[in-house]
Structures are given as C-alpha cells and as structure tokens.
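predicted structure and sequence below. I'll ask about it afterward.
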Amino acid sequence: MPGSFPIFDAAVAHLVRSLAPRTALDIGCGAGKYGKLLQQEAPQCRRIGVEVEASYVERFGLRTLYDEVRIGDAQSVLALDRSEAFDLAIIGDCIEHMPKSVGMDLLNALTYRTQYTIVLAPEFIVQGAVAGVESEAHVSVWSEFDMLWHDRWAWDNCLTISVFVLRGYQQAPLDFDKLIDGVNAANVPLVDFTGRDAARTAQFKKQVRQRQDVFEGQPVVYRPQ
C-alpha cells in the first residue's frame, strides 16, 4: 500500500525538526506522507520525491507536495548525477519493496551523498501486489542486523516497525550524538497501528564504531561526526 503505519511519525518529525534540512530526498513517495511531514517540519527545505509508480504522481497530487518529482527507481534516478548530495534522505516503508542487494547498494550510495538517512521498514508483514501495482510487494526483510556494516547509526523497534538513522559522510551542522541524545531526551511518544498510545517513548540505540588515526602524535578522526 502506498502509505505506512504511524508508529514512529512523531519521532521522525522530531528528527526532521532537529536536522532542519535544506534539501531532502524522499525515496518511494507513495501517497506523499513524508512530503507532507517535510512541508510541516522543514518548510524551507527543497523537497525531491522519487516514485517508481508513475500513476501515483497524479493520483496523490505529489507535485503539490514536492518541489520536484522524479519518476523511476531510486538507483537509476540517483545515477543521473552522481555528484548530487542531500542533507537528508528518507526511505519510509519502501526499502522492503526492493531486492536486498538493491537496497544495500542504495544505502551505501546514500552514505556518500547525504548528511543523514532515515529508514523505516516493517518485519513480518506479508504483502503482494496492491490494486495491480507489482512494486508494492514486499520482497526483502530488514532488521538491525542488516545495518552492522555501517559505522555510525542508531535504531529503535516497536511492534513490527524498525527505524534507522544513518550518519552519512557529508558535513552536517548537527552531529550524530547530539541528534540522537536529543530525540531520546525528548520523550517522544510512540503509537500503535491505529495511532493510539503505545505506552512508551522513542529510545534509539546508538551503534558507533570509531576509526581513529594518529598524526604527529595527535589523534585524528577523518569521519564526519
């Protein structure tokens, strides 16, 4: 379905407000949920939507939600300009529609081209084509174990949904620790599938693998924090 559950909506909104991105890439717009969220939480942001299902552009009025809509799969769209970078990329309930190898390639590419990437993905939910749209089928499973290759990321899981925040290599005004500590301290409520209180707040678990060299006797960290 071209939508997603509201479990982490408030947490994602808090992250977007904190990051205040100037440019954001929404991969898999669907009905435009994250385009609307970006409009509300980062109104000055240039919003670029990527959607593989061309019929959704008119059906859900995507051109009213994004400054630009690019039709096609994310890998092909991003390959058109490999120097293009973004403050934020959001992959909201979309990566499970990609084969695992395609999704992993996409996450690796975005590490070079973003300050931050936010990924939301369900587990245990079986879904085939929806209303004849084959691209809506779930074809890969994602959990925290799929992010162990990354050196600076955080995650939370509630019910059947996981959310991941990956720190990219682009320089950012807000460092990773401040972002994650901030959302954890804010007591952001989570909700259930219907939007009712899920009885706990977002608590992201940081996963950091520090790489540090020594140059002229001084520790040097090359990785943007």
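Now that the structure is in, tell me what you want to look at.

tell me the strands beside the strand ranked longest in the chain, with direction?
What stands out as the longest strand in the chain, according to DSSP state E, is strand 114-122. In the sheet, strand 114-122 lines up against strand 86-92 (parallel), strand 161-167 (antiparallel) (DSSP bridges).

show me what counts as buried in the last one.
It stands for strand 161-167. I161, S162, V163, F164, V165, L166, R167 (16 or more other Cβ atoms under 10 Å). (Each C-beta comes from the backbone N, C-alpha and C, glycine too.)

mind putting these in a markdown table, distance to C29 and pLDDT included?
Below are the buried residues of strand 161-167 laid out as a markdown table (distance: Cβ to Cβ, whole Å; pLDDT from 0 to 100):
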| residue | distance to C29 | pLDDT |
| --- | --- | --- |
| I161 | 19 | 95 |
| S162 | 20 | 97 |
| V163 | 18 | 98 |
| F164 | 19 | 98 |
| V165 | 20 | 98 |
| L166 | 20 | 98 |
| R167 | 24 | 98 |
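
do a quick rundown of the helices in this structure.
In the chain, the helices defined using DSSP state H lie at 9-19, 33-41, 55-59, 74-79, 100-113, 176-185.

which ones are touching H138?
E96, H97, P122, I125, V126, Q127, G128 (Cβ atoms under 8 Å, 6 or more residues apart in numbering).

next: R63.
V57, V69.

what's the spacing between it and L179?
R63 sits 31 Å away from L179, taking Cβ to Cβ, to the nearest Å as the criterion.

cool, and V12?
Distance from V12 to L179, by Cβ to Cβ: 12 Å.

what's the answer for E68, then?
Per Cβ to Cβ, E68 is found 26 Å from L179.

wait, V141 touches E96, no?
Yes. Contact criterion Cβ atoms under 8 Å: V141 and E96 qualify, at 7.1 Å.

mind checking which of the two has more residues around it?
E96 (21 against 14; other Cβ atoms under 10 Å).

can you tell me the closest non-neighbouring residue to that one?
Excluding the flanking residues, the one nearest E96 by Cβ to Cβ, 6 or more residues apart in numbering is H138, at 4.8 Å.

likewise for R152?
R167 (4.1 Å).

again, but for K36
Closest to K36 by Cβ to Cβ, 6+ apart is L65, at 6.0 Å.

pull the distance from the lowest-mean-pLDDT helix or strand in the chain to the chain's centre.
Sorted by mean pLDDT, DSSP states H and E, the helices and strands of the chain end with strand 213-215, the least confident at a mean of 75. Taking Cα atoms, centre = their mean, to the nearest Å, one finds strand 213-215 lying 33 Å from the centre of the chain it belongs to.
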